[in-house]
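My questions concern the predicted model and sequence given below.
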There are 2 protein chains.
Amino acid sequence: LPFISNTVSYIREKTSSNKQDMGKLIHSVKVGLALVLVSLLYLLDPLFEQVGDNAMWAIMTVVVIFEYFAGATLGKGLNRGIGTILGGGLGCLAASFAQQVGGTGNSVIVGICVFTFGAAATYARLIPNIKKRYDYGALIFILTFNLVVVSGLRAEKVLELARERLFTIGMGFAVCIFISLLILPTWASDELHDSIASNFEQLARSLEGCMEEYFRLACDKENQPSTTSNGLTSSCKAVLNSKAKNEQLANFAKWEPWHGKFGLYYPWGKYLQLGDHLRELAASILSLKICLESPRQPSSPLRQSIKEPCEAVGSSLAWSLRELGESVMKMRKCQQGELIGPKLKAMRVELSSVVSTNSKLGNLENVEALAISSSVF
Amino acid sequence: LPFISNTVSYIREKTSSNKQDMGKLIHSVKVGLALVLVSLLYLLDPLFEQVGDNAMWAIMTVVVIFEYFAGATLGKGLNRGIGTILGGGLGCLAASFAQQVGGTGNSVIVGICVFTFGAAATYARLIPNIKKRYDYGALIFILTFNLVVVSGLRAEKVLELARERLFTIGMGFAVCIFISLLILPTWASDELHDSIASNFEQLARSLEGCMEEYFRLACDKENQPSTTSNGLTSSCKAVLNSKAKNEQLANFAKWEPWHGKFGLYYPWGKYLQLGDHLRELAASILSLKICLESPRQPSSPLRQSIKEPCEAVGSSLAWSLRELGESVMKMRKCQQGELIGPKLKAMRVELSSVVSTNSKLGNLENVEALAISSSVF
């Protein structure tokens, strides 16, 4: 049985890593394609006559905003657009104001503008809420404002220059969006959805593994080093450390338009809450594991005496987790929803009777954590 | 006593947040200053006559590579430099090869080069180890290669253009490094060092808070809602979720040159290991907390009977954590190092005698986790 389950998990990992490799390859080809498309502005004579050296800005836009996830590309592109327009507009105003003053005052006013707007926008970039979603926009704002306001001193036709650049940036943006969103798109939403749902499965498996490890007979232990145990700990830790990645994915997912099963205003915040509860549960399982590995745990015969009720508890906890995970994955109300609550309660009563006769409390905390986790629904 | 400790922690938080605000303000002013310095290339006639429109690249460099931490600025700058040189060099080679073919073949070869190099470098950006440290360099490589290879078709003097741009990028880089590293630098190393050391203190405080909360009399509980409890949970969770931030800081710190107490080849990896153990401990404390809040815990009179030994254990654990944290902070061998081990062992024996008479196992897991944490030294 353990051999089969190992093989199954190996194949599962293999296909998922193949899928990831495939995704990376597809992304690379898409970027190459987008680069060739914008390079046509240089390569084809009639196009180059239209845009001239400003074609550079289209290439730059593609290189900088084309990201792995469609939502990230869209977010960066919109940030770049808004930053360019705002920075360009304010830059033009400042430049024309400085020109009206004229003389040396002109340069002084430009210098002051560069300093104040640069420092203010940099400060804004450090505010957490702005940093999370508009960091790149603020960066482009500083860049464009600066370039426009200083070239206002030199170039006569600032407005025309700005218009042409904006036009080529728009072309680069259009190419990116077209290729990123319409050709085999990689959605951050799918990634977040799947990773949260698979976390349930991972936790269920580590819980079962924990039980199995604990109740294996002592002689077995010496023969077989606990490689699975390390795997279980690391999958628990992977869930524990998932916060930053989940937040980033949710951030990208918010930029993504309506597609597949995800509507507009899809409640991505709920996934983050779910992730918080899963991390709490992972913390409990991890410390349960540490606790069970303690040399102060009872000897094998005593363990065997509590084996049956404990395994019953473990498997029904794992079952509940799988049910919840599946209901998240398939986006339906948990079918066994009414069942999970009473089952867990019954289990608790049973467990407390075992505990009172055997004085082994270790599992209780899990029930607590699961109660929290299931209260989300 | 709790009032005083609350006030102390409030003041500590206040000064630390003021310090952070100050840091942000200083960073903003430094960026503004750097922008004004590179804008002088446009503002002063003699300088503008030297560099011309390429001054744009100096401004772009400053805006893009000036980051909050000195190490991040240095890392991004070096990445930009290496990416530009590599991309420019390969781009020149490819362009001159394409020119030798001539005719329509020229454009076709350029197109093929753009696609292959773009796709390959994009794939490289997705490899975790490259992504972590050289992501930005690869981006700049793609950008420069592309710009050079396509403008090879149009501009005659590609080499000169490249040389001039490289020169202005170098100027921007020099300004950034000068201002970022020499004027009130913000080191990622300091930040990582302090945050790891303060995590010890945070965990010690949550442990104490946990004990205090548990043994407070029932009547007290109703009067006083557990605001401190929430604070403790959130500080535990902050430690739990610190992985991504710590890894980023360690990454920046590796770029930073010798300064202050940190030599070259300082073992930043050890901080990450320490962080791992701290997170494990935080997981244990968090689940201990959940466990102690369970309605299935014994009633007040019974709690009072085990209060003394439990509090002794809790305070000596907190003491050990503080000692360890202080020794990390001051970078000296833990003075009480030989004391901590035996003390924890004695505590464990005492605890087990309490447990056998009272059947309350909750604390044991902590001892385990601390044993791991202290094994680092």
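It's in. Numbers count the residues shown, from 1 in each chain, chains lettered A, B, ... in the order given.

For stretch A:121-128, C-alpha coordinates in PDB please.
Output in PDB follows, covering the C-alpha atoms of stretch A:121-128 (Å, rounded to 0.1, in the frame of the first residue of the first chain):
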ATOM      1  CA  ALA A 121       6.600  59.700  -5.700                       C
ATOM      2  CA  THR A 122       9.500  57.700  -4.200                       C
ATOM      3  CA  TYR A 123       7.900  58.200  -0.800                       C
ATOM      4  CA  ALA A 124       4.600  57.100  -2.100                       C
ATOM      5  CA  ARG A 125       6.200  53.900  -3.500                       C
ATOM      6  CA  LEU A 126       7.200  52.900   0.000                       C
ATOM      7  CA  ILE A 127       3.600  53.100   1.400                       C
ATOM      8  CA  PRO A 128       2.500  49.400   1.600                       C
END
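
and it, does that touch chain B?
Yes. Residues of stretch A:121-128 contacting chain B under CB under 8 Å from any CB of the partner chain: A:122-123, A:126. (Each C-beta comes from the backbone N, C-alpha and C, glycine too.)

Would you mark the buried spots in that stretch?
A:121-126 (16 or more other CB atoms under 10 Å in any protein chain shown).

now do stretch A:49-61
Neighbour-count burial for stretch A:49-61 flags A:51, A:54-61 (criterion: 16+ other CB under 10 Å).

Closest one of those to B:Ile142?
For the buried residues of stretch A:49-61, the residue nearest B:Ile142 by CB to CB is A:Ile59; the value is 9.4 Å.

Follow the chain on from the helix or strand containing A:Lys24 and name the next helix or strand.
Secondary-structure element containing A:Lys24, defined by DSSP states H and E: helix A:2-43. On the C-terminal side of helix A:2-43, the closest following helix or strand by DSSP H and E is helix A:45-51.

can you give me the strands for chain A?
Along chain A, no segments are classed as strands by DSSP state E.

Residue most distant from the centroid, it?
A:Gly103 (52.4 Å; CA atoms, centre = their mean).

Quick check: the gap between the closest residue to A:Leu44 other than its chain neighbours and B:Cys113.
Leaving aside its sequence neighbours, A:Leu44 sits nearest to B:Ser107 (CB to CB, 6 or more residues apart in numbering or on different chains; 8.0 Å). Look at B:Ser107 and B:Cys113: by CB to CB, to the nearest Å, they are 11 Å apart.

Neighbour count: the two, which is higher?
B:Cys113 (23 against 19; other CB atoms under 10 Å in any protein chain shown).

quick one, what contacts the residue in the stretch 251-377 of chain A positioned nearest to chain B?
At 3.7 Å from chain B, A:Ala283 is the closest residue in the stretch 251-377 of chain A, using CB to the nearest CB. Counting by CB atoms under 8 Å, 6 or more residues apart in numbering or on different chains, A:Ala283 touches A:240, A:369, B:240, B:282-284, B:286-287.

quick one: which of those is nearest B:Glu213?
Once CB to CB is applied, the member of the contacts of A:Ala283 that ends up nearest B:Glu213 is B:Leu286, at 13.5 Å.

got the contact list for that closest one?
Here B:Leu286 is in contact with A:280, A:283-284, B:233, B:236-237, B:240 (CB under 8 Å, 6+ apart).

What is the neighbour count of A:Leu159?
15.

from what I can see A:Phe97 touches A:Ile109, true?
Yes. Contact criterion CB atoms under 8 Å: A:Phe97 and A:Ile109 qualify, at 7.0 Å.

pLDDT below threshold where in chain A?
Residues of chain A that meet the criterion pLDDT under 70 lie in A:1-14, A:153-158, A:217-229, A:294-300, A:333-342, A:344-345, A:347-377.

so how far is A:Val114 from A:Ser327?
56 Å.

Quick check: the gap between the residue farthest from the centre of chain A and A:Cys92.
20 Å.

now A:Phe141
According to CB to CB, A:Phe141 and A:Cys92 sit 13 Å apart.

Between the two, point out the one with more neighbours.
A:Phe141 (28 against 17).

Looks like the more buried one contacts A:Gly88 (just checking).
No. Under the criterion of CB under 8 Å, A:Phe141 makes no contact with A:Gly88, lying 9.2 Å away.

List the residues that contact the closest residue to A:Phe69 other than its chain neighbours.
Here the nearest residue to A:Phe69 in space, its sequence neighbours aside, is A:Ala188; by CB to CB, 6+ apart that works out to 3.9 Å. Residues near A:Ala188 by CB under 8 Å, 6+ apart: A:69-72, A:249, A:252-253, A:256.

how about 6 Å then?
A:69, A:71, A:249, A:252-253 (CB atoms under 6 Å, 6 or more residues apart in numbering or on different chains).

With A:Arg165 instead?
A:Arg165 neighbours (CB under 6 Å, 6+ apart): A:54, A:57.

sorry, back to before: in JSON lines, list the contacts of B:Leu286 along with distance to A:Leu161.
Below are those laid out as JSON lines (distance: CB to CB, whole Å):
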{"residue": "A:Glu280", "distance to A:Leu161": "55"}
{"residue": "A:Ala283", "distance to A:Leu161": "57"}
{"residue": "A:Ser284", "distance to A:Leu161": "61"}
{"residue": "B:Thr233", "distance to A:Leu161": "56"}
{"residue": "B:Cys236", "distance to A:Leu161": "55"}
{"residue": "B:Lys237", "distance to A:Leu161": "51"}
{"residue": "B:Leu240", "distance to A:Leu161": "51"}
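
Buried only: go through the residues you listed for me.
Buried subset of the contacts of B:Leu286 (neighbour count, 16+ other CB under 10 Å): A:280, A:283-284, B:233, B:236-237, B:240.

and which of these is nearest B:Gly170?
Using CB to CB, the buried ones among the contacts of B:Leu286 come closest to B:Gly170 at B:Leu240, 43.4 Å.

which residues touch that closest one?
Counting by CB under 6 Å, 6+ apart, B:Leu240 has contacts B:279, B:282.

One more pass at 8 Å, please.
Counting by CB under 8 Å, 6+ apart, B:Leu240 makes contact with A:240, A:279, A:283, B:279, B:282-283, B:286.

How about A:Leu40?
Contacts of A:Leu40 (CB under 8 Å, 6+ apart): A:Leu47.
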